[in-house]
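> Compute the structure for the input listed below.
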Amino acid sequence: MTATPAPNGNITHEQRFELLVSGIRDYAIYLIDPQGYISSWNTGAERFKGYTAQEVIGTHFSQFYTPEDRAAGLPARALATALAEGKFESEGWRVRKDGTRFWANVVIDPVYAPDGSLVGFAKITRDITEQRLMQEELLASEQRFRILVQGVTDYAIYMLSPAGQVTNWNAGAERIKGYAAHEVIGQSFGMFYTPEEQAAGRPQQVLAQAARDGKFEGEGWRMRKDGTRFWAHVVLDAIRDEHGQLIGFAKITRDITEKRAAGEALEQARAALFQSQKMEAIGQLTGGIAHDFNNLLSVLSSGLDLIRTQYPGDRKVLESMRRAIDRGSTMTQQLLSFARQQPLAPTLHNLNQLIMGFEAVLQRALSSAIHFELDLSTDIGNVLVDEARFEAALLNLVVNARDAMPDGGQLHLTTANVSLATHQVGTLPPGRYVRICLADTGTGMPPEVRRRVFEPFFTTKPVGRGTGLGLAQVHGFIAQSGGDIEVESAVGQGTTFRMYLPVYDGVAEEPAPHTDLERVLIVEDEPDLMDVAAELFRSLGYEVLTAANGHDALKILERTPNIDVLFSDIMMPGMSGVELAAQVKDQYPATKIVLASGYPQPALLAADMPIDRFTFVSKPYRLSEIIKRLR
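Residues are numbered from 1 along each chain as shown. So this is what the prediction gives:
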């Protein structure tokens, strides 16, 4: 397609057009007659097809097609389509003169004469091999990425629509969340949130933040298909097109439940170690002070003894001084106990036996409005413990429970065998332990009080009601015995202390047999009357056990052998003394039963109480009358 300028430098419109077409090098532009033969050829066609105009004009345009396309009749279909539809456009492989191939974008338009007759076809071809290769590389990259994402099983990776619907789903998402792709695609991603967060609109808040800031990252509980929960780390990125329009979100979720649990366990271990080190440091300081204070008290005590010998007349002042020195000495012993510098005399014991032998004392320490219940596990292991110090620790805890229940409540003391793993309780090594648990229904403690409850001199009681050394003494004794103590408490939900003492193999010491004393079980719901009756029986040489009601009395009878006398009030809440006596007579026929009441015997008989089956004494009873009835 060569243009010749007009004479005198004038160029016609047709010549300008021919020059324009001929000068285009990036497109092959040429004409084809109605039968497909080439009738013109531009520079661009020559450049990327390799033929000169002389070589191709008059030849059929099908020579540029691959053998496969020619065999399939594609050149003829292209012309037919252009003629029928006014245009043919497609992409495909084409062949150069040297036999190499290039990827072409082809447009064929029919050309008509002014009278409407077909002149031929205008064909424009562009070499887009580079774009094709880039597109193929992009598709291959996308395919590789898709395979990569699908192959990831430790992360849930999926896309969301702008409204939050799931649009794809990888193998990691299926493994972590439990849903197959067909179960979630099209569903809102809010289904993975807990019901509480769904109700609070959390999924919508997350989407809004990601759309606003470009990214959301956080942690929280998520739901699996089976309803279980897992702790998730979530990243949500907003995806926008080249115009900045939001087209969706990319979401990555990782199950970090185990990592979180491990982190919490590590933090608890660090806190326990810090608390242990702090208590150890306070203990060392307290022990040093107590030793020095004890030396001062020794000087005062010795000097006071000398003064008493020289000035025997001032007894009242000297006794006041002695009581003050004794109180100081008691406080010193408590300080030494907390500091674990108080010498112990441990022996092997069965704690159930120690607790049952000390039960009466614990009962008397409580008010009548507090129901005290024992639940002692059978076959607990033996522990190496100082009996007197253990009883003092137990009494300390019971008194604290009593003070936390001024209006009454329940106190539950239990024992059990437990096996502890490393760091399960403080810094205790793994192994077998006996757990002593004391749980009350009192006022409970806020966290800031609970954290300091074992510190010496720390107390929330009014001035004069406590020294702040009771629980510190308990902590020191338990630690000195090779164990540990935990406290669990919340305001309004009561307090639970758990003591752990290591199990020792061996035979525990049996309580000293009371061969010369008979046992009496006194059942009385009035504490003052119980104390009076207990003292009367002790004066008669009896070993005394006490219970505040019939149910507790039956429990004592179950675990205490050879109770000789049951001495019970008749009118008690819950189980009456007559009902208790009837059960005891059936189960323990060797036990003598004496019932007492402030009501006269005829009135009780008239009320259908069969007290004539048992020995009866009227209140107020005297020592002589009790002796007479027992005989």
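
> drop to CA atoms for contacts and neighbour counts, all remaining ones
Noted.

> For Glu535, give me its contacts.
Neighbouring residues of Glu535 by CA atoms under 8 Å, 6 or more residues apart in numbering: there are none.

> Shouldn't it be within a strand?
No: with DSSP: H, G, I helix; E, B strand; the rest coil as the criterion, Glu535 is assigned helix and is not in a strand.

> What's the separation between it and Val520?
When CA to CA, to the nearest Å is applied, the distance between Glu535 and Val520 equals 12 Å.

> Residue nearest the middle of this protein, spatially speaking?
Ala261 (7.1 Å; CA atoms, centre = their mean).

> Work out for me the element it sits within.
Secondary-structure assignment from DSSP states H and E places Ala261 in helix 257-310.

> can you check Glu68 too?
Using DSSP H and E, the element containing Glu68 is helix 67-71.

> contacts for that helix?
Helix 67-71 is touched from outside by 62, 75, with contacts defined as CA under 8 Å, 6+ apart.

> Would you mark the buried spots in stretch 433-448?
Buried residues in stretch 433-448, defined by neighbour count with 16 or more other CA atoms under 10 Å: 433-445.

> What of stretch 389-406?
Neighbour-count burial for stretch 389-406, counted by 16+ other CA under 10 Å, picks out 389-405.

> And for stretch 403-421?
403-405, 408-418.

> Please apply the same query to stretch 348-363.
348-356, 359, 362-363.

> Among those, which ones are in strands?
348-349 (DSSP state E).

> Mind telling me the two of the buried residues of stretch 348-363 farthest from one another?
Checked with CA to CA, the buried residues of stretch 348-363 reach their widest spread between Leu348 and Gln363, with 25.1 Å between them.

> Please confirm that Phe230 is located within a strand.
Yes: with the criterion set as three-state DSSP, the secondary structure at Phe230 is a strand.

> Next one: it, what pLDDT does it get?
The predicted local confidence for Phe230 comes out at a pLDDT of 93.

> Is it bridged to anything, and to what?
Beta bridges link Phe230 to Arg222, judged by DSSP bridges.

> That one: how many residues sit nearby?
18 (other CA atoms under 10 Å).

> ok, it touching Thr253?
No: using CA atoms under 8 Å, Phe230 is not in contact with Thr253, being 10.9 Å away.

> which residues does the residue nearest to Val487 when sequence neighbours are not counted bridge with?
What sits nearest to Val487 in space, not counting adjacent residues and going by CA to CA, 6 or more residues apart in numbering, is Phe497, at 4.6 Å. For Phe497, the residues forming beta bridges with it (DSSP bridges) are Leu438, Val487.

> what's near enough to touch Phe497?
With contacts taken as CA under 8 Å, 6+ apart, Phe497 has the following neighbours: 437-439, 485-488.

> Mind pulling up the pLDDT for it?
Per-residue confidence at Phe497 stands at 94 (pLDDT).

> Ok, Leu246 next?
Leu246 carries a pLDDT value of 92.

> Now tell me what touches stretch 214-227 from outside.
When contacts are defined by CA under 8 Å, 6+ apart, stretch 214-227 is touched by residues 176-179, 191-194, 206-207, 209-210, 229-238.

> now do 6 Å
Identification of contacts with stretch 214-227 by CA atoms under 6 Å, 6 or more residues apart in numbering yields 177-178, 192-194, 210, 229-238.

> Pull up the distance across stretch 425-435, start to finish.
Separation of the first and last residues of stretch 425-435 by CA to CA is 11 Å.

> tell me which residues of it are tucked away?
Applying a neighbour-count criterion of 16+ other CA under 10 Å, the buried positions in stretch 425-435 are 425-426, 428, 432-435.
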